[in-house]
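# pasting a predicted model and its sequence here:
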Amino acid sequence: MNILVVDDEQNILRTTSIVLRTMGHCPFQAENSKQASRVLEAEPIDAIILDMMLGYESGLDYLEKLKAEGSEIPVIVFTAHSSIESAVDSMKRGAYDYIQKPFIPDELRQMLAKLEKSLETRGKLKELKGMVDAANPMLEFESNEPEMQETFRIAEKAAKSEASILLLGPSGTGKTVLARHIHKNSGRCDKPFVTVNCPSLSKELLESELFGHIKGSFTGAIKDTWGKVSAAEGGTLFLDEIGEVPLEIQPKLLRLLQDREFERVGETRTRKSNIRVVAATNRDLAAEVSKGNFREDLYYRLNVIGLKMPALNERPTDLLPIAKRYIDFYAKQLGRGEVVLSDEARQAVIDYPWPGNLRELKNVIERSLILSDGDELKRADLPVEFQNVQENAYTTGALITLEELESAHIKRVVAKTSSLDEASNILGIDPATLYRKRKKLGLC
């Protein structure tokens with residue numbers, strides 16, 4: 001590794017550099033923060049060994065400056081003080097670790113071996129993230145639907161704040177993807193995004209998963225464990241399906257949101273937390289509050305900014321563009337050229353109710369492309385449930401009300417046109433009237 005040693009004592013610079021060189025590293029030297037900054041501008045430094053005191057300068061102040069500038073270079077702090085307070089202070093300010101002077105070469109060797117492994121893991125994680133991103137079509141934060149446009153607009157603004165956000169909507173509508181997007185566009189984007197799947201654990205395990213526990217606090221607690229709250233420190237904690245959290249744990253979540261405090265299970269020491277909470281649910285939390293299943297004060301704490309992700313069948317003008325995006329993505333993965341939907345397949349996609357929302361659409365497109373050939377995806381290539389989908393109730397001779405007829409016709413016209421303006425022209429009404437009718441009919 002290229003390692004920058006920053007120390008105001010010449011003998012420390014010299015001996016540390018010799019030790020690093022014998023270990024196979026390439027040392028660079030600086031006596032103060034100005035020299036260090038010049039080296040960092042000129043050389044690809046992998047790690048910094050920084051003295052806590054640089055003459056009249058504080059090494060820890062320089063560490064804070066580096067972190068404030070967005071530096072991700074790990075810093076090992078040299079300290080002549082063996083107090084726990086100085087070590088804790090350096091770690092709080094962003095140090096990777098610390099080593100006490102005078103040190104023996106083997107201490108430094110072990111420290112750097114650990115750091116190398118950490119850097120290697122970080123590199124692998126970045127590589128894996130890239131692979132995961134390449135293997136999944138991301139939700140596009142664009143829409144032809146006014147309600148969806150408003151959701152994305154508010155999400156972009158809310159991301160910059162520290163406010164808690166509550167994402168509402170059926171399963172499979174992209175709430176988790178939106179939560180990640182909010183984190184990515186927040187001031188915490190360089191810190192962890194940690195997910196807790198609330199329904200997957202019992203009350204006892206969920207509490208431990210969230211807050212951690214100490215050894216012996218319950219059967220099976222064979223060692224101290226830090227929970228997801230600690231793992232998300234400085235970043236975003238995403239509570240998926242928050243409506244499933246047991247009532248017994250809700251006061252502790254409220255305290256975390258309100259006072260930024262928590263205790264590990266079995267521990268009396270109160271700890272501080274610096275996290276941003278984004279939560280999601282497919283339940284009507286207001287109704288759950290009225291039933292006594294969810295605390296009202298927690299609901300209001302979570303719902304500082306509420307965002308609704310509508311079901312896919314409530315987004316008719318987005319359906320075909322999203323399907324096309326998925327087709328292009330999976331066709332490229334399968335090494336095929338451009339693939340399009342046949343007219344019959346398009347109609348089947350339009351008329352299908354999509355109870356599984358975006359998740360179901362993605363799975364259907366992927367499966368159909370794998371099993372099909374050629375440059376056109378036909379109705380016969382779609383799963384069996386699409387083979388008997390009726391176009392619309394009013395084309396089958398079914399006896400329906402005028403309201404149902406109007407709803408079906410509006411949905412059909414909107415799905416077959418590229419914009420609400422075009423749909424309103426075909427229907428012979430202005431766009432504002434079309435929007436009001438769709439809202440009244442529950443189509444937006």
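Cool, the structure landed. Numbers count the residues shown, from 1 in each chain.

# and the residue nearest the centre of the protein?
In the chain, the centroid-proximal residue (CA atoms, centre = their mean) is Arg180; its distance is 2.5 Å.

# quick one: pLDDT of that one?
pLDDT, Arg180: 92.

# check which helix or strand covers it.
helix 175-184 (DSSP states H and E).

# okay but Ala36 is in contact with Leu4, surely?
Yes. Look at Ala36 against Leu4 with CB atoms under 8 Å: they come within range, at 6.3 Å. Where you see a C-beta, it was placed from the backbone N, CA and C, and this is true even at glycine.

# joint contacts of those two?
Contact criterion CB atoms under 8 Å, 6 or more residues apart in numbering; residues shared by Ala36 and Leu4: 30, 48.

# next one: stretch 12-24 to chain centre, how far?
41 Å (CA atoms, centre = their mean, to the nearest Å).

# sorry, back to before: could you find the closest non-adjacent residue to the residue nearest to the centre of the chain?
Phe193 (6.1 Å; CB to CB, 6 or more residues apart in numbering).

# torsion angles phi and psi at the one you found?
phi -110, psi 110 (degrees, to the nearest 10).

# okay, now it: neighbour count?
19 (other CB atoms under 10 Å).

# next up, the contacts around it.
The contact partners of Phe193, by CB under 8 Å, 6+ apart, come to 179-180, 183, 232, 235-236, 238.

# pick out the most distant pair among those.
Maximum pairwise distance in these, criterion CB to CB, is 13.2 Å, between Arg180 and Ala232.

# mind listing the strands for the stretch 151-300 of the chain?
Remark: strands of the stretch 151-300 of the chain, listed N- to C-terminal, are 165-168, 193-197, 212-213, 225-226, 236-240, 261-262, 271-272, 276-281; assignment by DSSP state E, counting those that start in this stretch.

# parallel or antiparallel, list what pairs with the helix or strand hosting Ile99.
Using DSSP H and E, Ile99 falls within strand 97-100. Strand 97-100 has its sheet partners listed here by DSSP bridges as strand 75-79 (parallel).

# and the partner strand, average pLDDT?
Here the average pLDDT along strand 75-79 is 85.

# could you do stretch 409-427 as well?
For stretch 409-427, mean pLDDT rounds to 76.

# got it, and stretch 43-63?
Across stretch 43-63, pLDDT averages out at 85.

# quick one: residues in contact with that stretch.
For stretch 43-63, the surrounding residues in contact (CB under 8 Å, 6+ apart) are 1-9, 12, 16, 28, 31-33, 36, 39, 66, 73-81, 86, 89-90, 93-96, 99, 112, 115, 119.

# pull the CA atoms of the helix or strand where Leu66 lies into PDB?
Using DSSP H and E, Leu66 maps to helix 59-68. Taking Å, rounded to 0.1, in the frame of the first residue of the first chain, the C-alpha atoms of helix 59-68 are listed here in PDB:
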ATOM      1  CA  GLY A  59      -4.000  15.700  14.300                       C
ATOM      2  CA  LEU A  60      -7.600  15.000  15.200                       C
ATOM      3  CA  ASP A  61      -8.700  18.300  13.800                       C
ATOM      4  CA  TYR A  62      -7.000  17.400  10.500                       C
ATOM      5  CA  LEU A  63      -8.700  14.000  10.600                       C
ATOM      6  CA  GLU A  64     -12.100  15.800  10.900                       C
ATOM      7  CA  LYS A  65     -11.100  18.100   8.000                       C
ATOM      8  CA  LEU A  66     -10.300  15.100   5.800                       C
ATOM      9  CA  LYS A  67     -13.600  13.400   6.600                       C
ATOM     10  CA  ALA A  68     -15.500  16.700   6.000                       C
END
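
# skipping its backbone neighbours, what lies nearest Leu420 in space?
Nearest to Leu420 is Pro431, by CB to CB, 6+ apart, at 5.3 Å.

# rewinding a little: out of the strands of the stretch 151-300 of the chain, flag the one nearest Val304.
strand 165-168 (7.1 Å).

# list the buried ones in that closest one?
By neighbour count with 16 or more other CB atoms under 10 Å, strand 165-168 contains the buried residues 165-168.
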